[in-house]
Structures are given as C-alpha cells and as structure tokens.
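# Take a look and give me a structure for this.
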Amino acid sequence: MNADPLDKLPPILKKSLHKNLCTCNEVKKIDIINAIVDGANTVAEVRKQTYATMGIGCCTQQVERLIECLCSSDDE
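Below is the predicted model of the structure:
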C-alpha cells in the first residue's frame, strides 16, 4: 500500500545507503533513514535512536535533509 520511503528521496540521497553518514559514531545512512521512517522526525529524535550527530555534528545538515525529504507531505 505505502510506497517505498526511498522513493521520496532525490537520487543523490539514495547513494551509499550502507556507508556511514555519521562518521564519528559509525552510523550508516540506512539506519538513519529507518529511524526517520519509524517516527524520528527531528534531529534530536534521530540522535536519541541512532547516536548520529553526537560527535562533531558534521552530519547534522545531511540528517536534516533526510528528515525534510522523508517527512514531507504524506497526504493520502
């Protein structure tokens, strides 16, 4: 019924899903995406579930972009 959440992402954000997005805490991009799909719709919630953004925060902007894409207009 529901479309694949990855369909909401632009092609550039679908790359390297199984590589670390958060290098400080070695959190894979797919783990961050799964946290967002499971309801983490803020950086703080993603951080709580995955520990991403808890190092120097260099991945914060990318996490925000994933939240923006995955949480946008779910009008059904």
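# all helices of the protein, in order?
Using DSSP state H, the helices of the chain run over 29-37, 43-50, 60-70.
# mean confidence score for stretch 61-76?
Stretch 61-76 carries an average pLDDT of 84.
# no, scratch that, I was asking about stretch 24-34
pLDDT averaged over stretch 24-34 gives 96.
# gap between it and the chain center?
Offset of stretch 24-34 from its chain centre (CA atoms, centre = their mean, to the nearest Å): 7 Å.
# So what touches it?
Residues from elsewhere that reach stretch 24-34 (CB atoms under 8 Å, 6 or more residues apart in numbering): 5-6, 16-22, 46, 50-52, 54-56, 58-59, 63, 66, 70. Where C-beta positions appear, they are placed from N, C-alpha and C, glycine not excepted.
# among the helices of the chain, which is nearest I12?
Within the helices of the chain, the stretch nearest I12 is helix 60-70; the backing value is 9.8 Å (CB to CB).
# Report the distance from that closest one to the chain centre.
Relative to where its chain is centred, helix 60-70 has its mean C-alpha point 6 Å off (CA atoms, centre = their mean).
# re earlier: buried subset of the contacts of stretch 24-34 as a ChimeraX selection?
To isolate the buried members of these in ChimeraX, using 16 or more other CB atoms under 10 Å:
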select :20,21,22,46,50,52,59,63,66,70
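# Show me the contacts of stretch 24-34 that map onto strands.
Members of those lying in strands (criterion: DSSP state E): N20, L21, C22.
# So for P5, what's the pLDDT?
Per the predicted model, pLDDT is 86 at P5.
# wait, what's in contact with it?
The contact partners of P5, by CB under 8 Å, 6+ apart, come to I33, I36, V37, L70.
# at 7 Å instead, please
Counting by CB atoms under 7 Å, 6 or more residues apart in numbering, P5 makes contact with I33, V37, L70.
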